[in-house]
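1. Predicted model follows, preceded by the sequence.
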Amino acid sequence: MSSDLGWVPPGVDTTVPSPARVYDYWLGGGHNFAPDRVLAEKILQIMPGVRDAARLNRSFLRRAALHMVGQGVRQFLDIGSGIPTVGNLHEIVQAEAPDCRVVYVDKDPVAVAHSELILANNPNTAVLQADLRDLDTIFDAGPTRELIDFDQPVGLFMLLLLHFVPDEWDPAAIVGQYRDRLVPGSFLALSHASAEAKPTGMDEAVQTYNTKSSQNQAFPRTYDEVLRFFDGFELVEPGLVGCPAWRPDGEGDFAANPEINEVPFAGVAVKR
């Protein structure tokens, strides 16, 4: 995709691969640049199942969102939302309950610019450009305050996000800061790359990604490390599991290669 398209903000360095755009490519999206595609294809050659892992995560988003809507949640905050592709959060929840409101947050300017185009005619959605650590910016922004009543439960999404957060940032503490701003009855949906799943090529794929991407490094974590992110929440059944094992609708929610089914951990929890 050419970097001179109108939705690409000035100053965006399209020569450096971006996690949001690599993920967009794996999902079959069209909002990525040549360096993103080169890195995405290189990782696919090393670990062919990574595209399935991305699809499994997208399917988990749908099931988690529908669960929250079924529990009465009507407002959602999606941190690290990435580039919109088919099956966006707002499409899922508003199809079930048209009054649902969604605020997307991402630090990638290309993701934000394209989101603005997608959401331009949807008054119950907004997008912000911010780092996940900028809680005051996210919570106090005009669009957030207009769409989300923080005296009511919120559905918080952090999907395939925290494995780009280094330990020195204390990601568990960051999640805790979000938790503390949400009222009881709010939900957290989270997915994260596993350090325990070892499908063919995964270690080399992570090393390749970290070598080629100067924007973000990937830090897969163990089950217990990911479980810490849910401190202060109560996990709903079946708990923290391999992504497709979280309340699957059928065989289509699983990858053909069983090793890939364990690559992302996933869980949904409620604040009591």
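-> Great, that's in hand. The shown structure was predicted, so the numbers you read here are calculated from the model rather than taken from an experiment.
2. pretty sure Met68 is touching Leu77, no?
-> No. Using C-beta atoms under 8 Å, Met68 makes no contact with Leu77, being 11.4 Å away. Every residue, glycine included, has its C-beta placed from N, CA and C.
3. for the stretch 151-272 of the chain, which spans come out with low pLDDT?
-> 213-215 (pLDDT under 70).
4. Revised request: answer the last question for the stretch 1-150 of the chain.
-> 1-8.
5. that older thread, what sits in contact with each of Met68 and Leu77?
-> Gly155 (C-beta atoms under 8 Å, 6 or more residues apart in numbering).
6. Would you mind writing the CA trace of the helix ranked longest in the chain as PDB?
-> Criterion DSSP state H: the longest helix present in the chain is helix 50-70. Extracted C-alpha coordinates of helix 50-70, given in PDB (Å, rounded to 0.1, in the frame of the first residue of the first chain):
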ATOM      1  CA  VAL A  50       1.000 -17.400  13.300                       C
ATOM      2  CA  ARG A  51      -1.800 -16.300  10.900                       C
ATOM      3  CA  ASP A  52      -4.000 -18.900  12.600                       C
ATOM      4  CA  ALA A  53      -3.000 -17.500  16.000                       C
ATOM      5  CA  ALA A  54      -4.100 -14.000  14.900                       C
ATOM      6  CA  ARG A  55      -7.400 -15.400  13.600                       C
ATOM      7  CA  LEU A  56      -8.000 -17.200  16.900                       C
ATOM      8  CA  ASN A  57      -7.500 -14.000  18.800                       C
ATOM      9  CA  ARG A  58     -10.000 -12.200  16.600                       C
ATOM     10  CA  SER A  59     -12.500 -14.900  17.200                       C
ATOM     11  CA  PHE A  60     -11.900 -14.600  21.000                       C
ATOM     12  CA  LEU A  61     -12.700 -10.900  20.800                       C
ATOM     13  CA  ARG A  62     -16.100 -11.700  19.400                       C
ATOM     14  CA  ARG A  63     -17.000 -14.300  22.000                       C
ATOM     15  CA  ALA A  64     -15.700 -12.100  24.900                       C
ATOM     16  CA  ALA A  65     -17.600  -9.100  23.600                       C
ATOM     17  CA  LEU A  66     -20.900 -11.000  23.200                       C
ATOM     18  CA  HIS A  67     -20.500 -12.400  26.800                       C
ATOM     19  CA  MET A  68     -20.100  -8.800  28.100                       C
ATOM     20  CA  VAL A  69     -23.100  -7.600  26.200                       C
ATOM     21  CA  GLY A  70     -25.100 -10.500  27.600                       C
END
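7. So which residues make contact with it?
-> With C-beta under 8 Å, 6+ apart, helix 50-70 has contacts from 23, 26-27, 43-44, 76, 85, 87, 89, 92-93, 96-97, 100, 155, 157, 159-160, 187, 189, 191, 205, 236, 243-244, 246-249, 253-257, 260-261, 263-264, 266, 268.
8. and if we set it to 6 Å?
-> For helix 50-70, contacts defined as C-beta atoms under 6 Å, 6 or more residues apart in numbering pick out 23, 26-27, 43, 87, 89, 92-93, 96-97, 155, 159-160, 187, 189, 191, 243-244, 246-247, 253, 255, 260, 263-264, 266, 268.
9. Likewise for stretch 25-32?
-> Residues contacting stretch 25-32 (C-beta under 6 Å, 6+ apart): 21, 24, 36-37, 40, 51, 54, 83, 85, 114.
10. Check these against Arg228 and report the nearest one.
-> Ala54 (24.4 Å; C-beta to C-beta).
11. For the most centrally placed residue in the chain, list the residues it contacts.
-> The chain has Leu159 as the residue nearest its centroid, 2.9 Å off, counting by C-alpha atoms, centre = their mean. Neighbour list for Leu159: 57, 61, 191 [criterion: C-beta under 6 Å, 6+ apart].
12. that older thread, can I get the contacts of stretch 25-32 in TSV including neighbour count, secondary structure and distance to Arg228?
-> Conversion of the contacts of stretch 25-32 to TSV gives the following (neighbours: other C-beta atoms under 10 Å; DSSP: H, G, I helix; E, B strand; the rest coil; distance: C-beta to C-beta, whole Å):
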residue	neighbour count	secondary structure	distance to Arg228
Arg21	27	helix	29
Asp24	27	helix	29
Asp36	25	helix	31
Arg37	16	helix	35
Ala40	22	helix	30
Arg51	18	helix	29
Ala54	22	helix	24
Ile83	26	coil	29
Thr85	18	coil	30
His114	26	helix	33
